[in-house]
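[1] The following block contains a protein sequence and its predicted model.
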Amino acid sequence: MSFMFLHICTIHTDTQLRTVTDSVLYPQSVPPPQQQQQQPGTPQPFTPNAARYPPGTPTNSSPLQQQQLLQQQQQQQVGVLGAVGGPPGTPGTPVQQQQQLAPDMRSPQLMSPSQAQMMQQQTQPMMHPTARQMSNGDMQMRPMPQQPQMPQMPQQVPVMQPMQPMQQMVAPPHVQPPPYVARDPAHGIPRPDMALVGCHFIVLDWERYTTEKADQMAIKTMVRSLGGDIEFGVKAYESQRPIVTHGIISYLLFPRPGGPATAVEQTLHFMIKEGKRIVTMQWLVDVVESRKLDVPWRIAHLPVPMPLEQMRTNHGRIVSVAGFPDTERGAVKYMVEAIGAKMMPGLTQHTHLLIAKNPSSEKFEKAREWGVPIVNLQWLVDAYLGNGRVDLEHPRYQVSQQPPIEISCGTFTLEMLHEHYKHILGSAWRVPIPLTDDHWHRALANKQEIDNSEKAFPLKKLKLNTSPAPSEEEITAAHEAEPPTADRKQIVVLFEGFDGELEEWMGRKIRMLGGEVTDDIVKCSHLISIDGKRTIPLLQALALGKNIVSPQWVNTSYEQKQFADTLDFFLRDDENEKSFGCNFKLSVMRARKGKVFEDCEFYITPSVYPSPEAVKNLIEMAEGYKEFKKLVEMAGGIVHADPPSPAKIIECLETDKPYIMIATECDMYILKYLTDAGCTVYSTEFVFSAIMKQEVEPLPSFIIPPNSCAPAPLRLPSMGAPSGGGSVGCGPSSASSTPSRRTSTGYAATPPGPVPLTPTQTQVEFASPQTPRIKAN
């Protein structure tokens with residue numbers, strides 16, 4: 001009689017396989033099947049089925065109840081390994097009369113490969129609705145067909161994990177990227193005087209910011225005094241790559257397809273790849289001013305996303321701004337110059353464009369009256385990003401009370417402006433700058449070196465070495481006892497570079513000896529200067545041939561109770577004298593023999609002023625113009641209010657009489673009728689260099705290229721030679737405060753090196769003489 005075996009593991013004819021399987025699944029259970037004695041028709045207890053039906057399960061329940069109970073056990077996954085069922089029948093029913101067995105619910109890990117295939121072929125439901133519980137009598141042993149030898153099963157039963165309900169299987173939430181951060185608050189925020197601790201900067205395009213070694217030293221002093229460090233050039237990055245944290249550059253220079261990559265392009269590529277933070281010099285300036293390290297928050301803090309050569313549209317344009325506070329003007333000026341335009345402090349009829357923050361300013365009204373195009377900050381942003389819009393009348397660029405974008409827009413807005421910004425911000429600014437003990441030790445060492453440097457802080461050492469000054473009562477008593485002689489009264493000094501307290505101490509010593517103190521360079525006999533930095537008082541003293549002495553002259557004279565010899569204490573500054581190519585004592589001696597600009601005629605355009613440093617305390621640009629005009633006149637020059645006529649130029653050429661024109665790039669349109677005829681126009685550096693050396697050297701580096709400014713728009717009919725007229729305004733211009741790099745001597749029609757790219761020049765007529773100007777802002 002046929003029989004069937006419903007054990008959880010199929011009994012194979014191979015005794016060894018059967019024994020191993022039972023011992024693995026059911027340790028300490030019944031012996032192998034061949035040791036069991038079963039009588040037909042008599043149910044025998046069966047341990048595996050007992051595991052399937054735990055104790056307490058009713059055997060006389062209805063099939064439907066048994067089915068529900070079995071399904072509940074399967075869902076709970078409490079070790080149910082199989083289920084069987086069949087149609088009603090009695091014990092001993094032949095297997096041919098039995099229905100197909102229910103699907104095998106064992107875990108695939110506990111099944112042989114042949115059983116897994118059989119499992120996949122079954123299509124019957126797990127339990128028939130009329131299924132009953134089969135007794136042990138229904139299960140008769142019969143030989144199974146020969147199966148291929150299977151590998152032995154592992155000696156450990158896999159642990160089955162409970163299955164999670166479908167409603168609990170929820171997709172993982174979207175992971176937000178970490179925020180942009182500059183410092184880790186857990187490590188503490190450095191105090192303001194150590195704001196740059198842990199930062200090491202590399203300036204890739206250093207030629208754009210510095211022209212002399214003195215400029216680099218000034219920037220390095222500023223950064224090191226705040227705990228950071230800075231180097232210049234690509235080679236510095238190669239030698240200090242592990243500790244570099246920031247790269248400073250103005251334009252994102254990527255290698256051109258098919259062309260060789262420059263050293264700057266390759267270095268920039270490596271820095272971005274290595275996760276260095278890429279910023280502009282304007283970001284560093286704003287961080288130094290705020291004394292707080294922060295992520296880029298202004299558009300000017302990230303480089304222009306393309307080379308300057310691709311921004312030809314705005315090159316040479318004369319741009320003026322209105323309505324921006326002083327805290328934003330520096331960033332706006334940086335963006336204007338970055339797109340190739342020229343920033344003019346004032347507004348004239350020849351201005352190409354006015355960028356206004358709001359319509360409530362005098363400049364805005366005058367620009368509308370003169371027909372000067374007016375745009376908002378959005379135009380400058382689009383030009384900075386290289387969007388290529390040229391329609392100034394587009395509604396997007398119209399000025400309103402509420403500007404569409406702010407100059408300080410925030411980091412998350414910056415990454416949306418351009419795909420390159422999202423890339424360079426990326427992960428670099430999501431990781432705080434490390435702040436270890438090594439960083440602190442290095443920063444404190446640099447700061448201590450700067451603080452103790454006599455070149456960086458000359459007043460600090462001077463205060464320590466200065467003896468106490470006499471009181472006012474002691475001065476009065478000394479003069480009553482011995483009135484000052486006439487020779488001593490001729491000593492009139494002017495202090496340059498001193499703070500108020502030190503100047504007061506030095507002044508009392510001078511008055512104790514019978515001398516006087518003044519603030520007028522013309523009245524003074526001695527200029528007492530801390531160092532040889534080029535300042536307006538120093539230039540004026542050189543032009544007038546004044547005595548220029550060091551502070552030690554005052555201390556020595558006070559100790560000797562009489563004024564010491566001036567020549568023994570004449571100012572010496574080897575570094576600055578080498579940088580400017582002069583000797584202060586020799587220049588003073590030359591000035592006393594004759595004025596450097598004697599018999600020279602000048603015309604100075606209205607936007608010229610001495611230097612940005614010289615006009616920081618000047619309210620209007622006209623004061624800067626007067627200061628520069630005064631400097632030229634002190635050196636013997638004759639300054640004309642109006643530009644020269646062609647007849648005057650011809651006369652000077654015939655008589656070999658010098659006629660020198662000084663201008664800025666913003667004012668080149670005024671002299672275009674002369675530059676078209678081949679006349680040369682110089683920058684302010686021509687005057688500064690001549691006064692420092694007391695020798696006229698018209699070097700090619702002092703010449704302003706004729707095509708440095710875009711053609712001015714024609715708005716009024718031509719009425720002859722144009723004139724700049726008077727000017728009122730404030731703010732910086734293109735005049736440099738430091739000498740340009742010197743090359744060769746002699747005259748030249750064009751400057752050496754590549755000429756800046758400009759659009760095609762067109763012949764236009766210009767506005768009438770006495771071009772009106774209004775004050776800035």
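    Alright, I've got the coordinates.
[2] any idea how far residue 488 is from residue 563?
    Distance of residue 563 to residue 488, computed by CB to CB, to the nearest Å: 7 Å. Every residue, glycine included, has its C-beta placed from N, CA and C.
[3] These two: who's more crowded?
    The neighbour count for residue 563 versus residue 488, taken as other CB atoms under 10 Å, is higher for residue 563 (20 against 15).
[4] so what's in contact with residue 563 and residue 488 at the same time?
    Shared contacts of residue 563 and residue 488, defined by CB atoms under 8 Å, 6 or more residues apart in numbering, comprise 513, 515.
[5] residues near the nearest residue to residue 353 once chain neighbours are set aside, how many?
    Counting by CB to CB, 6 or more residues apart in numbering, residue 353 lies nearest to residue 319, which is 4.9 Å off, once chain neighbours are set aside. By other CB under 10 Å, the residues close to residue 319 number 24.
[6] helix/strand/coil for residue 319?
    strand (DSSP: H, G, I helix; E, B strand; the rest coil).
[7] Quickly find the element holding residue 494.
    Per DSSP states H and E: residue 494 is located in strand 492-496.
[8] again with residue 528
    strand 526-529.
[9] Then residue 282?
    Residue 282 belongs to helix 281-290, assigned by DSSP H and E.
[10] mind listing what's buried in that helix?
    Residues 281, 282, 283, 284, 285, 286, 287, 288 are the ones in helix 281-290 that count as buried (16 or more other CB atoms under 10 Å).
[11] Closest one of those residues to residue 464?
    Checking the buried residues of helix 281-290 against residue 464 by CB to CB gives residue 288 as the nearest, at 26.7 Å.
[12] quick one: the closest one from residue 199, how far?
    11 Å.
[13] Need the overlap of contacts for these two.
    Counting by CB under 8 Å, 6+ apart, the residues touching both residue 288 and residue 199 are residue 223.
[14] about what we covered before: neighbouring contacts of the strand holding residue 494?
    Residues from elsewhere that reach strand 492-496, judged by CB under 8 Å, 6+ apart: 503, 506-507, 510, 515-521, 523-530, 535, 537-538, 554.
[15] List the contacts of the residue nearest to residue 268 when sequence neighbours are not counted.
    Using CB to CB, 6+ apart and skipping the chain neighbours, the partner closest in space to residue 268 is residue 253 (5.8 Å). Residues in contact with residue 253, defined by CB under 8 Å, 6+ apart, are 262, 264, 265, 268, 307.
[16] Surely residue 332 is within a helix?
    Yes. Counting by three-state DSSP, residue 332 is part of a helix.
[17] what's near enough to touch it?
    Here residue 332 is in contact with 300, 321, 324, 355, 377, 380, 407 (criterion: CB under 8 Å, 6+ apart).
[18] Rebuild those residues as CSV, extending it with neighbour count.
    Shown next, in CSV, are the contacts of residue 332 (neighbours: other CB atoms under 10 Å):
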residue, neighbour count
300, 28
321, 26
324, 20
355, 27
377, 25
380, 26
407, 22
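[19] Which of these sits closest to residue 413?
    For these, the nearest to residue 413 is residue 407 (11.2 Å; CB to CB).
[20] The closest one and residue 550: what is the separation?
    Counting by CB to CB - residue 407 and residue 550 are separated by 44 Å.
[21] just residue 292 next, same as before
    Taking CB to CB, one finds residue 292 at 38 Å from residue 550.
[22] go on, residue 315?
    46 Å.
[23] Likewise for residue 180?
    50 Å.
[24] same deal with residue 427?
    For residue 427 relative to residue 550 (CB to CB), the value is 53 Å.
[25] Looking at those two now, which is surrounded by more residues?
    Legend: neighbour count by other CB under 10 Å for residue 427 and residue 550, higher for residue 550 (20 against 10).
[26] Phi first, then psi, for the closest residue in space to residue 178 that isn't next to it in sequence.
    Leaving aside its chain neighbours, residue 178 sits nearest to residue 430 (4.8 Å; criterion: CB to CB, 6+ apart). The phi/psi pair for residue 430 (degrees, to the nearest 10) reads phi -90, psi -10.
[27] can you check residue 277 too?
    phi -90, psi 120.
[28] Could you check the pLDDT of it?
    You'll see residue 277 listed with a pLDDT of 94.
[29] for the stretch 601-750 of the chain, what spans make up the helices?
    621-634, 646-655, 672-675, 684-693 (DSSP state H, counting those that start in this stretch).
[30] can those helices go into TSV with extra columns for distance to residue 542 and mean neighbour count?
    What follows is those, written out as TSV (distance: least, CB to CB, whole Å; neighbours: other CB atoms under 10 Å):
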stretch	distance to residue 542	mean neighbour count
helix 621-634	9	20
helix 646-655	27	12
helix 672-675	30	20
helix 684-693	5	23
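[31] out of the ones you listed, nearest to residue 464?
    That would be helix 684-693 among the helices of the stretch 601-750 of the chain, by CB to CB, at 30.9 Å.
[32] quick revisit: could you tell me which of the contacts of residue 332 are located in helices?
    377, 380 (DSSP state H).
[33] Low-confidence ranges, the stretch 501-650 of the chain, go.
    611-622 (pLDDT under 70).
[34] Scan the helices and strands of this structure for the one with the lowest mean pLDDT.
    helix 47-52 (a mean of 41; mean pLDDT, DSSP states H and E).
[35] that older thread, tell me which of the contacts of strand 492-496 fall in strands.
    Mapping the contacts of strand 492-496 onto strands (DSSP state E) picks out 516, 517, 526, 527, 528, 529.
[36] and which of these is nearest residue 652?
    When the ones in strands among the contacts of strand 492-496 are compared against residue 652 (criterion: CB to CB), the nearest one is residue 527, at 34.4 Å.
[37] Report the contact partners of that closest one.
    Counting by CB under 8 Å, 6+ apart, residue 527 has contacts 493, 494, 496, 521, 537, 538, 541, 546, 547, 548, 549.
[38] Please repeat the previous calculation with a cut-off of 10 Å.
    By CB atoms under 10 Å, 6 or more residues apart in numbering, residue 527 lies in contact with 493-496, 521, 535, 537-538, 540-542, 544, 546-549, 571, 588.
[39] Residue 431 now?
    178, 180, 181, 182, 184, 275, 277.
[40] can you rerun that using 8 Å?
    181, 275.
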